[in-house]
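Trainee: Let's see this in three dimensions:
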Amino acid sequence: MPRPSRISTTPLAVQLLREGIVESVHQVHAAVADSRGRLLSGAGDADNASFIRSALKPFQAMAIASTGALDAFKLTDKDLAIICGSHKGLTHQARQVFGILWRADLEPTCLRCPVPDGKKSPLEHNCSGKHAGMLACCKQQGWELNTYLNRNHPLQQLILNRFASLLGMPSDEFICAHDDCGAPTYFMQLRQMATLYAKLASGENLEMERVVRAMTHHPEMVSGPGGFDTELMCLTHGEILSKSGAEGIQCMSRVGEGLGVALKVVDGSKRAKYAAALHVLRQLGWISPDIADTMAETYLNLSDYKRLDMVGEIDLV
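Mentor: Numbering: from 1, shown residues only. Next up is the predicted model:
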């Protein structure tokens, strides 16, 4: 991908109002791109760089799907959805993850994600689906299991090379660090995240199509009841693909149209990223007023005394 010139506009602002009085303000950068990597619109700095965190999961899953591991172990779209997901550790979600391991003849003790506080098993970790998918891939390929989170492991190199290729960039240009679950995550610009999500929804290859179908047909595995990603994909009947990442990252795709959005809340606020996401989706015309109002009841109207309010617009580039 050619290196475009840097473009900055006024960032979005998410205000917390307590009985109508501004109490806190969160600043948000946003980028909207197409599948060719062209920046179409944005707010703030589209070249703002951050770790993509769990918004990388669909591309980690896409790399896993490319090896044939899903078919080898007869994994379903529902399995693939939880590989892409940041689930809530609910019983049915943990069972879904266990099913992936069982079909690959693996034990839950192989998982290298931590046991969440107050829980009993790594199966309940919100990244356990991703880890189970990684292990299944390693089993099918004959790769070392114990070191699957090492950034130099063949699996992690496969993932890195796949998304770097989508962006048309050398893989060694991406800075790597470990996510909280232990898996590698990567430092990239918002416009690059938006481009990845535009490509994901463009249907350019079978792995992308399968990931999109899995996430939009089984949104309950991507987050869970009341989760932003799950609720948005349910209400839009799969027209919008949505995946959150920690520290204020939110990425979305307009399925079938090759358009992607990436947001970063500067201070990492979760409440602000959901408010900003709804604001951007409404401005782009990707969701109806009815859906926006329904989502606002949960994500903007926080209590009887406080709510979130948006200031600013995304600008055409």
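
Trainee: only C-alpha atoms for contact and neighbour calcs from this point on.
Mentor: Fine.

Trainee: in the stretch 51-200 of the chain, which spans are strands?
Mentor: Along the stretch 51-200 of the chain, counting by DSSP state E, counting those that start in this stretch, strands occupy 175-178, 184-189.

Trainee: out of those strands, deepest packed?
Mentor: Highest mean neighbour count among the strands of the stretch 51-200 of the chain (mean count of other CA atoms under 10 Å): strand 184-189, with a mean of 19.

Trainee: Packing partners of that strand?
Mentor: Packing partners of strand 184-189 (3 or more CA pairs under 8 Å, 6 or more residues apart in numbering; DSSP states H and E): strand 49-51, strand 175-178.

Trainee: With distance to Thr236 and mean pLDDT added, can I get those in a markdown table?
Mentor: Shown next, in a markdown table, are those (distance: least, CA to CA, whole Å; pLDDT from 0 to 100):
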| stretch | distance to Thr236 | mean pLDDT |
| --- | --- | --- |
| strand 49-51 | 28 | 98 |
| strand 175-178 | 33 | 98 |
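
Trainee: in the protein, which strand has the most residues?
Mentor: strand 21-34 (DSSP state E).

Trainee: Can you tell me the strand partners of it and which way each runs?
Mentor: strand 12-18 (antiparallel), strand 39-43 (antiparallel), strand 259-265 (antiparallel) (DSSP bridges).

Trainee: nearest to Asp304, of the ones you listed?
Mentor: Ranking those by proximity to Asp304 (CA to CA) places strand 12-18 first, at 9.2 Å.

Trainee: mind exporting that closest one as CSV, just the C-alpha atoms?
Mentor: C-alpha atoms of strand 12-18 as CSV (Å, rounded to 0.1, in the frame of the first residue of the first chain):
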residue,chain,number,x,y,z
LEU,A,12,-14.6,13.8,17.8
ALA,A,13,-15.4,14.5,21.5
VAL,A,14,-17.5,12.4,23.7
GLN,A,15,-18.9,14.4,26.7
LEU,A,16,-20.2,12.9,29.9
LEU,A,17,-23.1,15.1,31.0
ARG,A,18,-24.3,14.9,34.6
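
Trainee: rewinding a little: in the longest strand of the chain, which residues are buried?
Mentor: By 16 or more other CA atoms under 10 Å, the buried positions in strand 21-34 come out as 25-34.

Trainee: Equivalent analysis for stretch 92-104, please.
Mentor: Within stretch 92-104, the residues that count as buried by 16+ other CA under 10 Å are 93-94, 96-101, 104.

Trainee: Same check on stretch 42-50?
Mentor: The neighbour-count check on stretch 42-50 (16+ other CA under 10 Å) flags 42-50 as buried.

Trainee: Quick check: Ser128 vs Ala65, distance?
Mentor: Look at Ser128 and Ala65: by CA to CA, to the nearest Å, they are 17 Å apart.

Trainee: where does the stretch 201-317 of the chain have low pLDDT?
Mentor: Nowhere does the stretch 201-317 of the chain drop to pLDDT under 70.

Trainee: And the helices in the protein, which stretches?
Mentor: 57-66, 69-72, 77-84, 91-103, 128-141, 154-167, 190-200, 206-217, 228-235, 270-284, 289-299 (DSSP state H).
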